[in-house]
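Trainee: Predicted model and sequence follow; I will ask about them next.
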Amino acid sequence: MGTILDFLGSDHRLCDERFATVQAAVTQRDWEGARESFDRFHAAMRRHLAREENVLFPAFEARTANAMGPTQVMRMEHARMRRLMQDMARATVDEDHSRYLCQAAILLTLMQQHNLKEEELLFPMFDLMLDDAGTDLIGAMLAIAE
């Protein structure tokens, strides 16, 4: 079934692609398309964050007996992403081009930094520490639908 890095890395790419689709619609001021694309992006992000927070992070925390380490930092970043996405959703409803692009620029930077930390450090570490449970964890993450 692959590794946690492969599975969640491909999830990152899907979210990035959907984000770019929204950006294109907003840039063209296609607000109907932007709202529809944003809904798909937002759903993919919610699913991705739930996969990490409801399956992966608890497994890692149980294995290490530490809930205050790197997973806590990732949860704080997830909360910030959620706040930004809420504001971006309101901006698409309000058809507020400037506000959307401002929030999107912040989210893009945060996502890039966050994904880099996960893909370069955390996911490889999770793959090593949770190797015996990797297939079951990926199966449990797959069960979380949009």
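Mentor: It's in. Residues are numbered from 1 along each chain as shown.

Trainee: can you tell me the helix or strand for residue 92?
Mentor: helix 70-94 (DSSP states H and E).

Trainee: Next, the buried residues of that helix.
Mentor: By 16 or more other Cβ atoms under 10 Å, the buried positions in helix 70-94 come out as 70-71, 74, 77-78, 81, 84-85, 87-89, 91-92. For glycine as for every other residue, the C-beta is placed from the backbone atoms N, C-alpha and C.

Trainee: quick check, nearest of these to residue 122?
Mentor: Proximity of the buried residues of helix 70-94 to residue 122 (Cβ to Cβ) peaks at residue 70, which lies at 5.8 Å.

Trainee: how about the nearest residue to that closest one, chain neighbours excluded?
Mentor: Computed as Cβ to Cβ, 6 or more residues apart in numbering, the closest residue to residue 70 that is not its neighbour in sequence is residue 122, at 5.8 Å.

Trainee: quick one: low-confidence ranges for this structure?
Mentor: Applying pLDDT under 70 to the chain flags residues 1, 146.

Trainee: again, only using 90
Mentor: Scanning the chain with the threshold set as pLDDT under 90 gives 1-2, 64-69, 130-132, 134, 145-146.

Trainee: will you turn the buried residues of helix 70-94 into TSV that also has distance to residue 35?
Mentor: Converted to TSV, the buried residues of helix 70-94 look like this (distance: Cβ to Cβ, whole Å):
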residue	distance to residue 35
70	35
71	33
74	29
77	25
78	23
81	19
84	17
85	13
87	14
88	11
89	8
91	10
92	5
